[in-house]
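The sequence and its predicted three-dimensional model are supplied below.
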Amino acid sequence: MIKKVSTKASAKASPKATGKGAAKTTAKGQSKKVAAPKQTPIKQEGVQADLLNEPADMTVLNRLYDVVLSRKGTDPSVSHSARLLSRGTYKIAQKFGEEAVECLIEAVAGRKDLLVGESADVLYHLIVLWVDAGITPDDVWAELRRREGTSGIAEKASRPKETFAKKDK
Ligand SMILES: N=c1c2ncn([C@@H]3O[C@H](COP(=O)(O)OP(=O)(O)OP(=O)(O)O)[C@@H](O)[C@H]3O)c2ncn1[C@@H]1O[C@H](COP(=O)(O)O)[C@@H](O)[C@H]1O
């Protein structure tokens, strides 16, 4: 998770080496401090007791969706999701885009440890986008299931030729 800090933060320190995080340039061109990857992601202070035994696997996405959905219309001063949802589709889409760009920056830079955190940010903001748009994870899981076993190359080749003809005009 990213927290904004002073632009004076050093970009030289490796989060792995210091365990304190590092500075990086964001999609907005600002400097942000990036938290070092947590070694014990489940047992953290401030985490609801009933969540401590939940698995750290893909089921977290459905749980996160339920939490974000439950935040809709609640007090924006106590929930970041509520605040983001109250700001509307444009802002939600903008935040998702920024997180996606930050993610690709880490991918291109080959910083695997930071890519993990950025990927989590992208998934969180994508879920906020789904809640705002009124679609559910099940809608997306069903679409991914429908595509399972179909090669992307074969699927593209099977598209009607007319689609390409229109593009050429
Ligand atoms: N996964 C996340 C998560 N990832 C990032 N963030 C927050 O996203 C914010 C990103 O800060 P930025 O400065 O980039 O964005 P911003 O505050 O919108 O600022 P501007 O772009 O407007 O300047 C930070 O406050 C992060 O804490 C998240 N906030 C919440 N969650 C999950 O959502 C759950 C519900 O959170 P709340 O809705 O806050 O209760 C939490 O328990 C988490 O599981």
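Yep, that arrived. Residues are numbered from 1 along each chain as shown.

show me the contacts for Gly88.
Each residue near Gly88 by C-beta atoms under 8 Å, 6 or more residues apart in numbering is listed here: Asp132. Every residue, glycine included, has its C-beta placed from N, CA and C.

what are the ranges of the helices in the chain?
Using DSSP state H, the helices found in the chain span residues 15-18, 59-71, 80-86, 89-109, 112-133, 137-147, 152-157, 161-168.

Serialize those helices to CSV and add fields for mean neighbour count and distance to the ligand.
As requested, those are exported to CSV (neighbours: other C-beta atoms under 10 Å; distance: least, C-beta to the nearest ligand atom, whole Å):
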stretch, mean neighbour count, distance to the ligand
helix 15-18, 14, 17
helix 59-71, 16, 5
helix 80-86, 18, 3
helix 89-109, 16, 6
helix 112-133, 18, 4
helix 137-147, 11, 14
helix 152-157, 8, 29
helix 161-168, 8, 35
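
As CSV, these with mean pLDDT would be great.
CSV is the format used below for these (pLDDT from 0 to 100):
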stretch, mean pLDDT
helix 15-18, 34
helix 59-71, 96
helix 80-86, 98
helix 89-109, 98
helix 112-133, 98
helix 137-147, 95
helix 152-157, 84
helix 161-168, 62
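
Could you export those helices as TSV, including distance to Leu52?
As requested, the helices of the chain are exported to TSV (distance: least, C-beta to C-beta, whole Å):
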stretch	distance to Leu52
helix 15-18	25
helix 59-71	13
helix 80-86	21
helix 89-109	27
helix 112-133	18
helix 137-147	23
helix 152-157	39
helix 161-168	50
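
And His125, how far from Arg145?
Relative to Arg145, His125 is positioned 23 Å away (C-beta to C-beta, to the nearest Å).
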